[in-house]
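Asks: make a model of this:
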Amino acid sequence: MHSKLNQRARLLEFRQLYYCVLFLILGCVCQNLQAQELAFRDLFNGKDLTGWIDVNTSPETWSVKDGLLICTGQPIGVMRTERQYENFIIEVEWRHMEPGGNSGMFLWSDAKPEGNRLPKGMEVQMLELDWVNQHKGRNGTLPPIAYVHGELFGAGGMTAIPDNPRGSRSKSLENRCKGVGQWNRYVFVAVDGMVKLSVNGKFVNGIRDASYKKGYICLESEGKEIHFRKIRIMELPNGLADASNTAPLIKTPPKGVKEPNQ
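Replies: Residues are numbered from 1 along each chain as shown. Prediction:
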């Protein structure tokens, strides 16, 4: 009898100690999260290209006018952030200025263009609605309209698992993009290789298990004029990124010097 009472007493003591330690750990975690202020900051300041580095386009490709970031679409290539990012929320507004325009953003990218002049990374598709009409197949069939409404896919060799499969790509469940000359608003949450995309006020797409979980953010030039505004980021606490799933660091060239083509 005494033995059972002693066992119960020790068990109760252990449980009390366990919960004390648990509360201490939770308290430390909460303090760390509070110490890391969560707030949006601009990736584009509305005045110039501070914070961005041309990878393989031209001095005429990107410019700023009246608070807008203007991309001519020529030549095909990307501009990248100065540093890498892991977990974050990005808000961006964009509009195509020509029917059938093509562009996008790359997340967790290595910013090293390959044969098609675009890098490895998670592409967030930004196509103008008429793109499908301008790219009919040889038999006259049209590409699926879902292709233009914020598809997510691993480009340049990045692997990922689509939430809404169209082959290896993830298509939006609802068509919410606006046409030429109209502003679209994307919000995407990127955490530990998973991306959730909101198009004009509603989450409609997702993809997960990206092979890179940390890297550069790139803006894409791909054929026709596109405008960007209100590009801002909220960095979130670090997660699962390590040396095995982080894009290689690029040594930043001196200011005004273009990065060599890869």
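Asks: now do the helices in the stretch 1-150 of the chain.
Replies: 2-35 (DSSP state H, counting those that start in this stretch).
Asks: identify the residues contacting stretch 65-75?
Replies: For stretch 65-75, the surrounding residues in contact (CB atoms under 8 Å, 6 or more residues apart in numbering) are 44, 46-47, 49, 56-58, 60-64, 101-103, 117, 219, 221-229, 231. Using the backbone N, CA and C atoms, a C-beta is placed for each residue, glycine as well.
Asks: let's see it at 6 Å
Replies: Contact with stretch 65-75 is made by 44, 46, 57, 61-63, 221, 223-229, as judged by CB atoms under 6 Å, 6 or more residues apart in numbering.
Asks: strands along the stretch 51-200 of the chain, start to end?
Replies: Using DSSP state E, counting those that start in this stretch, the strands of the stretch 51-200 of the chain run over residues 52-54, 62-65, 68-71, 77-81, 88-96, 102-109, 121-127, 152-155, 161-162, 165-166, 169-170, 184-191, 194-199.
Asks: and the longest one, which strands flank it?
Replies: With DSSP bridges as the test, strand 88-96 is paired with strand 184-191 (antiparallel), strand 226-235 (antiparallel).
Asks: stretch 39-47: which residues count as buried?
Replies: By neighbour count on 16 or more other CB atoms under 10 Å, the buried set for stretch 39-47 is 43, 44.
Asks: what's the span of that stretch from first residue to last?
Replies: End-to-end distance for stretch 39-47: 21 Å, by CA to CA, to the nearest Å.
Asks: any regions of the stretch 151-262 of the chain where pLDDT drops low?
Replies: Scanning the stretch 151-262 of the chain with the threshold set as pLDDT under 70 gives 253-262.
Asks: try 50
Replies: Applying pLDDT under 50 to the stretch 151-262 of the chain flags residues 261-262.
Asks: so can I have JSON lines of the strands paired with strand 88-96 showing mean neighbour count and distance to residue 209?
Replies: Formatted as JSON lines, the strands paired with strand 88-96 follow (neighbours: other CB atoms under 10 Å; distance: least, CB to CB, whole Å):
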{"stretch": "strand 184-191", "mean neighbour count": "19", "distance to residue 209": "12"}
{"stretch": "strand 226-235", "mean neighbour count": "19", "distance to residue 209": "21"}
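Asks: closest one to residue 78 among these?
Replies: Set against residue 78 and scored by CB to CB, the strands paired with strand 88-96 come closest in strand 226-235, at 12.8 Å.
Asks: who touches that closest one?
Replies: 38, 40, 42-44, 68-71, 88-96, 101, 103.
Asks: output the strands of the stretch 51-200 of the chain in CSV, with distance to residue 240 appended to each entry.
Replies: Shown next, in CSV, are those (distance: least, CB to CB, whole Å):
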stretch, distance to residue 240
strand 52-54, 26
strand 62-65, 33
strand 68-71, 31
strand 77-81, 21
strand 88-96, 14
strand 102-109, 12
strand 121-127, 15
strand 152-155, 17
strand 161-162, 15
strand 165-166, 23
strand 169-170, 20
strand 184-191, 9
strand 194-199, 10
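Asks: out of these, flag the one nearest residue 139.
Replies: strand 165-166 (19.0 Å).
Asks: what strands line up against that closest one, and which way round?
Replies: Partners of strand 165-166 in its sheet, by DSSP bridges: strand 169-170 (antiparallel).
Asks: quick check: closest non-adjacent residue to the most centrally placed residue in the chain.
Replies: The residue lying closest to the centre of the chain (CA atoms, centre = their mean) is residue 107, at 3.6 Å. Leaving aside its sequence neighbours, residue 107 sits nearest to residue 122 (CB to CB, 6 or more residues apart in numbering; 4.2 Å).
Asks: right, I'll call it a day here.
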